[in-house]
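K.L.:
this one's sequence-less:
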């Protein structure tokens, strides 16, 4: 659906171009269909959400379109380094008007910059002043070798000051009056005036950890590295088409043919500047005046690329084909995305040179970001390891708090290491430059360094506290630990003894139960003995009664004897205590003897 919509937009744009006589006989030269298909198929791989393109000849606009989030061709982008060519054109205009000469020394116009007082205006235009890439306006030292190419924003910032000094007006006023207005570039202005053009900017994106985040640029009057003359002009592709046509027209209404030829003539070799040699297409390169020259597929190509925090741009001149190409993208990612955008630019250039374009390698984006992200996470976690291991550090240092070896190790980890990292960061690139173009690496690096320094603060505070508390408190802590260990051992012993005590308790309970049973049995025997005594007493009374009462007692006694024998037998068969049996046996025996005595007495009678 999105592709169809884009095609519809392109068709309308092309139809409009035809209606206004923009396409004409050279429509086939731009290879519109191939161009459209290539851009639509490669934008995603290049991780581009929005872009605009314009192709012009010296006579007219041949092609103009917006893709994705760009929505329309009149949306604005920050030009970045493309701004330098406007500054160079303004200098050439002043030279034409005899306001200055390219051989004039900078000291004639800017005496406050003593370090470069003998540097010429031409040196600034061609980056051979000796000023290095990261030098800022407040500290111009020209640390490089004069005469050798060294790309630096400060060169063009100084040219902007010269324009103001010579013209007596602001840089933007002079550029507007002498370049923008004659070319009808109504959508071109400086970042300083961005508040007057709300809603006209395409949303730009910065990349953090491989993810794009919307970012709005704001003008900073104190900006010391990149300023309007070197990178902060704003425009759209239609205006840029008009600007490129001026060069293809050999100056048009703005410059003379001689001035354009001077600007675009082969300049100085970029030497070993691999960034310039490899951008868009890898080839030998020279820097003219606000333009870079290369030869591609037998064609002379003049171009310049631009990049700020959230936009990427490029402009290309192919004089042999009478073509000018403007490209603008709504994102910037110096770590990985920049190379992919350059691949997309190279593919578009290849189509215009009637060559087969190469596909954009989107996998390189993820490979680069994932590897860097993992490295940053490992570094950040590593910086916190000493803090996480404070317990181990305390035990190790408790007995020897001021150990020279221990203090040396801590100093290496928490002072020397982060300081070395800071130095490496500064040597690799200035902090402000890293913050602009590598924001994720910048913030993680600061977090790693801050974490290491923070570990030093934590350990110093801990050492002071331990020193103030003294060894007495440490001894108390040791005693507490020993008490805790003794408590644990006692608990283990209790856990071991408990089953034994439980078993002994059960055994004592059994003994008590048996003792109670024995007492009960004893009482039962005593009760039985009392009963026997009562029975003997009763028998004696009965015997006495029998002696007094006549009658036949023999049978009764025989029956009683039989009954007693049966009872005796029953008692012998019944289970019970031996003592009870013994008691009963004695009782029965006594009874039996008593009965025998009674029978004997009876027989005697």
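P.N.:
Sure, I can see it. Here the structure is a predicted model, which is why all the values come from computation and not from measurement.

K.L.:
run through the stretch 351-500 of the chain and note the low-pLDDT ranges.
P.N.:
470-500 (pLDDT under 70).

K.L.:
would you map the helices across it?
P.N.:
Counting by DSSP state H, counting those that start in this stretch, the stretch 351-500 of the chain has helices at residues 363-388, 390-398, 404-411, 417-428, 431-437, 439-548.

K.L.:
for the stretch 151-300 of the chain, same thing?
P.N.:
153-167, 171-175, 228-231, 237-248, 257-264, 274-278.

K.L.:
so which of these gets nearest residue 359?
P.N.:
Closest to residue 359 of the helices of the stretch 151-300 of the chain, according to CB to CB: helix 274-278, at 18.3 Å. Any C-beta I mention is one placed from the backbone N, CA and C, and that applies to glycine too.

K.L.:
buried residues of the closest one, list them for me.
P.N.:
276-277 (16 or more other CB atoms under 10 Å).

K.L.:
stretch 99-110 too?
P.N.:
Applying 16+ other CB under 10 Å to stretch 99-110 flags 100, 102, 106, 109-110 as buried.

K.L.:
pLDDT (mean, whole number) over it?
P.N.:
Mean pLDDT, taken over the full extent of stretch 99-110, equals 97.

K.L.:
contact partners of it?
P.N.:
91, 94-95, 113-114, 116-122, 124-125, 129, 158, 161-162, 165-167 (CB atoms under 8 Å, 6 or more residues apart in numbering).

K.L.:
got the buried residues of stretch 99-110 as a markdown table, with secondary structure and distance to residue 287 columns?
P.N.:
Compiled in a markdown table, the buried residues of stretch 99-110 are given as follows (DSSP: H, G, I helix; E, B strand; the rest coil; distance: CB to CB, whole Å):
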| residue | secondary structure | distance to residue 287 |
| --- | --- | --- |
| 100 | coil | 21 |
| 102 | coil | 15 |
| 106 | helix | 18 |
| 109 | coil | 22 |
| 110 | coil | 22 |
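
K.L.:
so which of the residues you listed comes closest to residue 178?
P.N.:
Closest to residue 178, out of all of those and judged by CB to CB, is residue 100, at 13.8 Å.

K.L.:
what about the strands in the stretch 101-250 of the chain?
P.N.:
189-190, 204-208, 211-215, 233-235 (DSSP state E, counting those that start in this stretch).

K.L.:
for residue 406, find the nearest of the ones you listed.
P.N.:
It's strand 204-208; of the strands of the stretch 101-250 of the chain, that one is closest to residue 406 (CB to CB) at 38.7 Å.

K.L.:
just checking, what packs against that closest one?
P.N.:
Applying 3 or more CB pairs under 8 Å, 6 or more residues apart in numbering; DSSP states H and E, we find strand 204-208 packed against strand 211-215, strand 331-332, helix 439-548.

K.L.:
ok, 10 Å please
P.N.:
The helices and strands touching strand 204-208, judged by 3 or more CB pairs under 10 Å, 6 or more residues apart in numbering; DSSP states H and E, are strand 211-215, strand 331-332, helix 337-352, helix 363-388, helix 431-437, helix 439-548.

K.L.:
between helix 337-352 and that strand, find me the angle.
P.N.:
Taking axes from the mean of the first three to the mean of the last three CA atoms, to 10 degrees, one finds strand 204-208 and helix 337-352 inclined to each other by 130 degrees.

K.L.:
run the chain-centre distance for strand 204-208.
P.N.:
From the chain centre to the centre of strand 204-208 is a distance of 15 Å (CA atoms, centre = their mean, to the nearest Å).

K.L.:
partner strands of that strand, parallel or antiparallel?
P.N.:
Sheet pairing here is set by DSSP bridges, and for strand 204-208 it gives strand 211-215 (antiparallel), strand 331-332 (parallel).

K.L.:
skipping adjacent residues, who's closest to residue 428 in space?
P.N.:
Nearest non-adjacent residue to residue 428, counting by CB to CB, 6 or more residues apart in numbering: residue 434, 7.7 Å away.

K.L.:
ok, the one you found to residue 309 distance?
P.N.:
12 Å (CB to CB, to the nearest Å).

K.L.:
overlap of the contact sets of these two?
P.N.:
Residues touching both residue 434 and residue 309 by CB atoms under 10 Å, 6 or more residues apart in numbering: residue 334.

K.L.:
thinking again about what came up before, can you check which of the strands of the stretch 101-250 of the chain gets nearest to residue 151?
P.N.:
Closest of the strands of the stretch 101-250 of the chain to residue 151 is strand 233-235, at 18.0 Å (criterion: CB to CB).

K.L.:
what is that closest one packed up against?
P.N.:
So strand 233-235, by 3+ CB pairs under 10 Å, 6+ apart, packs with strand 77-78, helix 83-96, helix 171-175, strand 189-190.

K.L.:
before we move on, the earlier item: I'd like the strands paired with strand 204-208 written out as JSON lines, with mean neighbour count, mean pLDDT and distance to residue 304 added.
P.N.:
Shown next, in JSON lines, are the strands paired with strand 204-208 (neighbours: other CB atoms under 10 Å; pLDDT from 0 to 100; distance: least, CB to CB, whole Å):
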{"stretch": "strand 211-215", "mean neighbour count": "14", "mean pLDDT": "93", "distance to residue 304": "23"}
{"stretch": "strand 331-332", "mean neighbour count": "26", "mean pLDDT": "94", "distance to residue 304": "16"}
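
K.L.:
make JSON lines from those strands and add distance to residue 253 to it.
P.N.:
Below are the strands paired with strand 204-208 laid out as JSON lines (distance: least, CB to CB, whole Å):
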{"stretch": "strand 211-215", "distance to residue 253": "36"}
{"stretch": "strand 331-332", "distance to residue 253": "33"}
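
K.L.:
so which of those strands is nearest residue 254?
P.N.:
strand 331-332 (29.5 Å).

K.L.:
what sits up against the closest one?
P.N.:
Residues contacting strand 331-332 (CB under 10 Å, 6+ apart): 46-51, 69, 78, 80, 202-207, 212-215, 306-313, 337-338, 341, 436-437.
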